[in-house]
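Okay, here's the prediction I keep looking at, along with the sequence it came from:
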Amino acid sequence: MATTPLTRETFISADYIKIAATQSTMFNATENGEGVEEVPAPASVRETGTIPDGFSVDFVLDPSTVVASLKKQEITTVEQLPVGALEELRDAINSPENLRIIPTSIHLQKRALAEE
């Protein structure tokens, strides 16, 4: 029987960018470049479902964290998950509350740290 390995992408919805674009706010780098500040998202983001160039969607709870946690429990394939768990995890990970629009440079730094 074929098995499907659990990866970060397993938990990411095809519509995660459109879901993130429903947010009324996004994050921008501070003037000194040492942090971020929450700012209103342009109306065009919500209207088009796309995010501006130079920005990325960030997961507060990143799917790679979920994969690592499951691996510690020796759960490494979709088939090992309890019935309904994959859908529940996907729903939580792709919920608007878990998605943030942030500068791509900060997103890349966060992803690099997560992969260490």
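Nice, thanks for sending it over. Numbering: from 1, shown residues only.

what's the longest helix seen in the chain packed up against?
Using DSSP state H to define each element, the chain has its longest helix at helix 104-115. For helix 104-115, the elements it packs on are strand 25-29, strand 55-59, helix 63-72, judged by 3 or more CB pairs under 8 Å, 6 or more residues apart in numbering; DSSP states H and E. Heads up, the C-betas are built off the backbone N, CA and C, glycines and all.

from those, which stretch is densest packed?
Among those, the stretch with the highest mean neighbour count (mean count of other CB atoms under 10 Å) is strand 55-59, at a mean of 21.

So which residues make contact with it?
The contact list for strand 55-59 (CB atoms under 8 Å, 6 or more residues apart in numbering) reads 16-17, 20, 26, 51, 93, 98-104, 106-108, 110.

and stretch 2-18, C-alpha only, in PDB?
Output of stretch 2-18 as PDB, limited to C-alpha atoms (Å, rounded to 0.1, in the frame of the first residue of the first chain):
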ATOM      1  CA  ALA A   2       1.300   3.400  -1.000                       C
ATOM      2  CA  THR A   3       2.000   6.000   1.700                       C
ATOM      3  CA  THR A   4       2.000   9.800   1.600                       C
ATOM      4  CA  PRO A   5       4.800  11.400   3.500                       C
ATOM      5  CA  LEU A   6       3.900  14.400   5.700                       C
ATOM      6  CA  THR A   7       5.600  17.600   4.500                       C
ATOM      7  CA  ARG A   8       5.100  21.300   5.200                       C
ATOM      8  CA  GLU A   9       3.200  21.400   1.900                       C
ATOM      9  CA  THR A  10       0.800  18.700   3.100                       C
ATOM     10  CA  PHE A  11      -0.900  21.300   5.400                       C
ATOM     11  CA  ILE A  12      -0.900  24.400   3.100                       C
ATOM     12  CA  SER A  13      -4.200  25.100   1.300                       C
ATOM     13  CA  ALA A  14      -4.000  26.100  -2.400                       C
ATOM     14  CA  ASP A  15      -6.000  29.200  -1.400                       C
ATOM     15  CA  TYR A  16      -3.800  30.400   1.500                       C
ATOM     16  CA  ILE A  17      -2.800  33.600  -0.300                       C
ATOM     17  CA  LYS A  18      -6.500  34.500  -0.900                       C
END
